[in-house]
Every structure is written in C-alpha cells, then in structure tokens.
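Student: let me see the structure of the following:
(one chain, ligands or ions: 1)
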Amino acid sequence: MAKNVTAVLTIAGTDSSGGAGIQADLKTFAALGCYGTSATTALTAQNTTGVQAIHGVPPNFVVEQIKSVLDDIDIRGIKTGMLFDSSNTHAVASTLKEHFASKGRVPLVCDPVCVSTSGHVLLHPDAISTMIDELFPLAQLITPNKAEAEVLLKARSLSSEITTFQGMLAAAQSLLTLGPQAVLLKGGHIAVSLADIGSVTTSAGTSVEVNRDFLFGENTEILQLAKHSVGDDLIVDVLCHQTQHGVNNITLYPRPRLQSNSTHGTGCTLSAALACALGRGTALVEATAQATTFTHLGIETAAPIGQGFGPLNHLHSVSRLVLQPRTPGNPFPLTRKLIQGTSRVWKEYVQHDFVVQLGKGTLERSSFLHFIKQDYHYLKYYARAYALLASKSHDFAPILAAVEIVLHVSRESAMHTSFCAQWGITKDELDTTPESPATTAYGAFLIDTGLQGDTTKLVMALAACLLGYGEVGLWLKKEAEKPNSWVKWEGNPYLKWMQDYSGEDYQNAVRVGLETIESRAAADPPSPARYAEWRAVWENCVRLEKGFWDMAMNKL
Ligand SMILES: Cc1ncc(COP(=O)(O)O)c(N)n1
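Tutor: As a prediction, this is how the structure comes out:
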C-alpha cells in the first residue's frame, strides 16, 4: 500500500514559459511530495522577458474547476495566485467560503498577485477591494511583496510606503488588520543589514523573534576558512500573526541575497511551498522556515533559461545532483549543506552552554574534569575508528592517511594525559574512570558505522568531532578578539584548551578533514539516497557531540 499523500490545490493563472503561475505551483507541489491539482483563472502568453497577452477564464468556469476538484479529492491546502479580475476573485472567494462552511476550513495561502516582475498588470485594480473583503477573511496567510503590500494598504487608506526594514515591520502589522490570520511580507526589495536586525524596535504588545537557521549555517566559522563571511546584504521576510492573547508575534527570516536572474515565479513558488507545509499540518513559523529555504535553494541552483528573468529550479530537492560544484565562492559545498541542513542541532552543539561557560571561564571545575576524563576514553574509540578506516581502505594512500591519524591521536592521548596531570588527574585515574553512557553511545556508534557502512560513511561520522571542535576553537577566539568580549582569554583557567583548538595545528587538521570529505564527494557525487545516508550519520554524531557536553555539564 502506498502511503497517504497530501493533496493540494492552486487557483491561479497559467504561464506558458513554465516558470510562474500554475506551472510553478504544480512543480513545487510535486517536488515537495504533495499531489497537485489546479483551477485556472486566466491564461497568459508570457515568457522570461514579459507578458505578451492575457485571456481571462469566465467566472462560472473557474467555479466549475474548483468544485470538480473539491467534490472529489480531499484537499488539505490551497493557494491562490493571479485571480485576474473582480468577478473571478469573487467567484473564488464565494466557492471557498461555501466549501469551508460545509466541510470545514483548510489552510488557505493567498498570494495577492497584482503586477508581474516585468511590470504587467495581472489583477484588475477594482479586484483589490474584493480580494481584501472576501478572500482575506478566509486566508490563514497572505504573502505580499513590497509593491503588493503598498497597493493593499493604500486601498484601505493606510500608511503605505515601505522604504526601510523598520517600515516593513509596521506594514506587516497594518496588513494584519485587513483580515487574514497571518501576513508574510516578503523582503526581496528591501536591503537589510545584520545591524538592522540587531536594533529592531517594536511597540508594546509585539514580540519579535529571529529565525537564524540560514544565517547561522552560512556564517559557521569553519566555512569561512576559505572565504569571506556573508555580506551585510540580507533579505528578510517578515511573518506576523496575532497570538490568542492579542500580541503581535513577529518572526524574521534573514538570509543572504543571491545575485541571480533566475527569479521569475519566486512568489508563486513560495506560496505553493507554504500550502504544502501547512497542508501537512506543519505549524506556521516552521512552515515558513521550510518554504523560504526551499525557494532560496531553487534560486541558488537554477540554470539559466530564456533571455530575461529565468525560472527557479523547482526540482532541486529531487534531482540527482544534490551538491553544488566546488567553486572559489563555495569551496565546501558538502560541509555547507550538511551544516545548513542540521543547523539547529549543530548550533546546540558548537554553541553549547559548556562552550560558553568555558569561554567565560565560569565553567565548574568538576564539569571540566569530568569532560577531560571522558574525552580520554573517547580518544580510544576515535583512534580505533581510524584504524578501522585504514583496514577498510583499498589503496596505500588512504591507508597511510588513516594510520597517520591513528598515530596522531595516540600522541594526542599522551599530551592529554600530561594535560590531565596538570589538573591533578593521574594516568591510573584516567584508566579506571568508568565510561559514561554518552561516551559509550558515541564511541559505539562510530565503530558500528565503520563496520556496517563504506569508508565514506565512516569519514562523515568522524567529521562531526573534527570540524565541530575546530568551529568551537575559532568561534571562541573570534569572540575574544571583540572589544568588551564575553570571552575571557587571558587568565581563563581553560586558556590552554582554547589555544589548542584555535591554534594552527588543530586548524590544519580541520583543513585536511574538510578537503577529505569535499574531495570524496566531488570525485563520486552522491545520489539523493546516498546523501541522505551521509546526512543521517552526520546528524547523529552532531547530536552525540551535544550529548557529550550535556554529560559533562551534568556530570552524568
Ligand atoms: C500566471 C502568473 N502568475 C504570477 C506571476 C508573477 O510572477 P513574477 O512576479 O515572478 O512575474 C506571473 N508572472 N504569472
């Protein structure tokens, strides 16, 4: 038996060039594993350079299409795009209203398409009022861009010009008064810096959160070893909804601006992805994170098509090519994808409270001692895993490379023993300290991965430790260099530990590790299934690393 599939509906115009409208929506639905259906409101003759002609569909035929779909198929999410004119907008709103009244509400995402990127009118101006009055009250979410937001606000004589980031926050809240349950004001046309996000001010009765998933992944220290950090040209989408207590809850979704001409149909793609996520029952804040990321990757991986603004790559999540090629601007595509794909757990690991307190010098001595004793046991597993890697390798070069690491870890263990001695821990105590469950779990997982998988899978498992400690070292050092830093460098009891992991020796090992996983991936590009395996191993190890700090903090 096949699994149940979530069915979704788009009510929009067609785009003969395939990049926007119904065509973009159906591709997005399919890429996200939903079953797509459609009701066409208008036919357009258009391409990547502009819209050449539009032919509206009669309102009664729009109604027929929607009813045909809804009468038969259990639709879980709906989006509307180009509605063409006031009669079609009214036809759509009244049909959906009737359906919701008899069968219950379904998440409705309304993308208030008014004008194409190329400047062509896609909605008759007299339809704006109909959309606000009849469709918005049914919508869980509306997704205007800057121009559409201004048109909507102006139609209700509300202050409408949006020129700054702070203005976006005010506009998103005003739009909420037009009737939808939530507003996602898209930020593509406003330039925002990190400082802007840091200095956000809001009035009483408003709370602001920043979803840093994307930026955190991008700004990871080890990814900067070969390039400059993400610039200050950010795009920030602003999500605003009201909580039960009448508080306006704002979530910001910042990400780096991509220099690309492949942006035709961006809004269509985003609202279609939102309909899928909400249709599956994903909560609004998370659904928006998923849909904005999906759209961003669609722009980033698009191939040029046509002579104007080309379409996104809607199929990036299902194509065989799961990795970007290595380029000077993106030297570590695999590492970047692994980190971005697991950015929340990765952050819980590399910016763990243990690390923060160690940086401040406030970490309890007994936690640190517990940690270094367990680390000694872990080093044994780590050496054994590399020895296993050597025994599974087919050529002298990789055998030697793995054996060199075994020797390196063994020398490190001697250094570790003398380091422990400085903290009053004898070699005997190291050997007799029982292994904590977190140590056994992590070590056993490494060995098990090596036994049952191939060499690359084992390399992925070993990477989380190598790269994560490199990240921690660089982060603490960078923070320490800032004026009035929270990191205490001189006089910190854990200074030697911080120096070791931020120092040249360790960072060279990180570089070699990065090179190893990137060259393996480039030499034999993974299929989506194989990449999913690597990612699962990586994510497990990142979690186990976090568990290792938890163990140390709580002396488990
Ligand atoms: C049928 C249809 N729907 C929506 C858009 C807007 O897309 P864009 O703003 O990228 O031109 C479009 N061009 N055509």
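
Student: tell me the residues of the stretch 101-250 of the chain that contact the ligand?
Tutor: 113, 116-117, 122 (C-beta under 6 Å from any ligand atom). In short, each C-beta sits where N, CA and C put it, glycine included.

Student: just give me the neighbour total for Leu476.
Tutor: Leu476: 26 surrounding residues under other C-beta atoms under 10 Å.

Student: and the host helix or strand of it, what's buried?
Tutor: Taking DSSP states H and E as the definition, Leu476 sits inside helix 455-481. Within helix 455-481, the residues that qualify as buried are 455-477, 480, counting by 16 or more other C-beta atoms under 10 Å.

Student: top of the residues of the stretch 101-250 of the chain next to the ligand by neighbour count?
Tutor: Highest neighbour count within these: Val113, with 26 neighbours (other C-beta under 10 Å).

Student: next, it: secondary structure please.
Tutor: At Val113 the chain is in coil, as set by DSSP: H, G, I helix; E, B strand; the rest coil.

Student: residues contacting it?
Tutor: For Val113, the contacting residues are 12-13, 81-83, 122-123, 148, 267-268, by C-beta atoms under 8 Å, 6 or more residues apart in numbering.

Student: buried subset of those?
Tutor: Applying 16+ other C-beta under 10 Å to those flags 12-13, 81-83, 122-123, 148, 267-268 as buried.

Student: looking at the residues you listed, which are in helices?
Tutor: Among these, the residues falling in helices (DSSP state H) are 148, 267-268.

Student: same list (those) but as TSV, adding pLDDT and distance to Ala383.
Tutor: Output for those, formatted as TSV (pLDDT from 0 to 100; distance: C-beta to C-beta, whole Å):
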residue	pLDDT	distance to Ala383
Glu148	96	60
Gly267	97	53
Cys268	98	53
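
Student: near the ligand, which residues of the protein are found?
Tutor: Residues of the chain lying near the ligand (C-beta under 6 Å from any ligand atom): 12-15, 20-21, 44, 81-82, 113, 116-117, 122, 264-268.

Student: so where does Asp500 fall, helix or strand?
Tutor: Using DSSP H and E, the element containing Asp500 is helix 495-502.

Student: quick check: buried residues in the next helix or strand after that helix?
Tutor: Heading C-terminal from helix 495-502, the first helix or strand you meet, by DSSP H and E, is helix 504-523. Judged by neighbour count (16+ other C-beta under 10 Å), helix 504-523 contains these buried residues: 506-507, 509-510, 513-514, 516-518, 520-521.

Student: now do the buried residues in the helix holding Asp500.
Tutor: Using 16+ other C-beta under 10 Å as the test for burial, helix 495-502 gives 497-498, 501-502.

Student: got the angle for it vs helix 455-481?
Tutor: Orientation check (axes from the mean of the first three to the mean of the last three C-alpha atoms, to 10 degrees): helix 495-502 against helix 455-481 gives 130 degrees.

Student: for helix 495-502, give the mean pLDDT please.
Tutor: What helix 495-502 shows for mean pLDDT is 94.

Student: elements contacting that helix?
Tutor: When contacts are defined as 3 or more C-beta pairs under 8 Å, 6 or more residues apart in numbering; DSSP states H and E, helix 495-502 packs onto helix 353-360, helix 455-481.

Student: can you pull the contacts of the closest residue to the ligand within the chain?
Tutor: Nearest residue of the chain to the ligand (C-beta to the nearest ligand atom) works out as Gly21 at 2.8 Å. Taking C-beta under 8 Å, 6+ apart as the contact definition, Gly21 lies against 12-15, 44, 81-82, 265, 268.

Student: quick one, what contacts the residue lying closest to Asn60 once chain neighbours are set aside?
Tutor: Spatially, and ignoring its direct neighbours in sequence, Asn60 is nearest to Ala91 (7.3 Å; C-beta to C-beta, 6 or more residues apart in numbering). For Ala91, the contact set (C-beta under 8 Å, 6+ apart) comprises 59-60, 62-63.

Student: which SSE is Ala91 in?
Tutor: Taking DSSP H and E as the criterion, Ala91 maps to helix 86-103.

Student: list the strands paired with the next helix or strand after that helix, with their directions.
Tutor: As assigned by DSSP H and E, the chain's next helix or strand after helix 86-103 is strand 108-110. Within its sheet, strand 108-110 is paired with strand 75-80 (parallel), strand 141-142 (parallel), according to DSSP bridges.

Student: and those as CSV, adding mean pLDDT?
Tutor: Output for those, formatted as CSV (pLDDT from 0 to 100):
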stretch, mean pLDDT
strand 75-80, 98
strand 141-142, 98
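
Student: out of the ones you listed, nearest to Thr292?
Tutor: Counting by C-beta to C-beta, Thr292 lies closest to strand 141-142 out of the strands paired with strand 108-110; the figure is 12.6 Å.

Student: just want the angle from the helix holding Asp500 to helix 504-523.
Tutor: Here helix 495-502 points in a direction 30 degrees away from that of helix 504-523 (the same axes, to 10 degrees).

Student: the strands in the chain, which residues?
Tutor: Listed in chain order, the strands found in the chain under DSSP state E are 7-13, 35-47, 50-56, 75-80, 108-110, 141-142, 182-185, 206-210, 234-242, 248-256.

Student: can you mark which positions in the third one are buried?
Tutor: Within strand 50-56, the residues that count as buried by 16+ other C-beta under 10 Å are 51, 54, 56.

Student: just the residues you listed now: which is nearest Met551?
Tutor: Within these, proximity to Met551 (C-beta to C-beta) peaks at Val51, which comes in at 60.6 Å.

Student: now do the contacts for Glu515.
Tutor: No contacts exist for Glu515 under C-beta under 8 Å, 6+ apart.

Student: and the gap between it and Leu466?
Tutor: Counting by C-beta to C-beta, to the nearest Å, the gap from Glu515 to Leu466 is 12 Å.

Student: same question for Ser87.
Tutor: In this view, Ser87 and Leu466 are 63 Å apart by C-beta to C-beta.

Student: repeat that for Leu334.
Tutor: According to C-beta to C-beta, Leu334 stands 14 Å off from Leu466.
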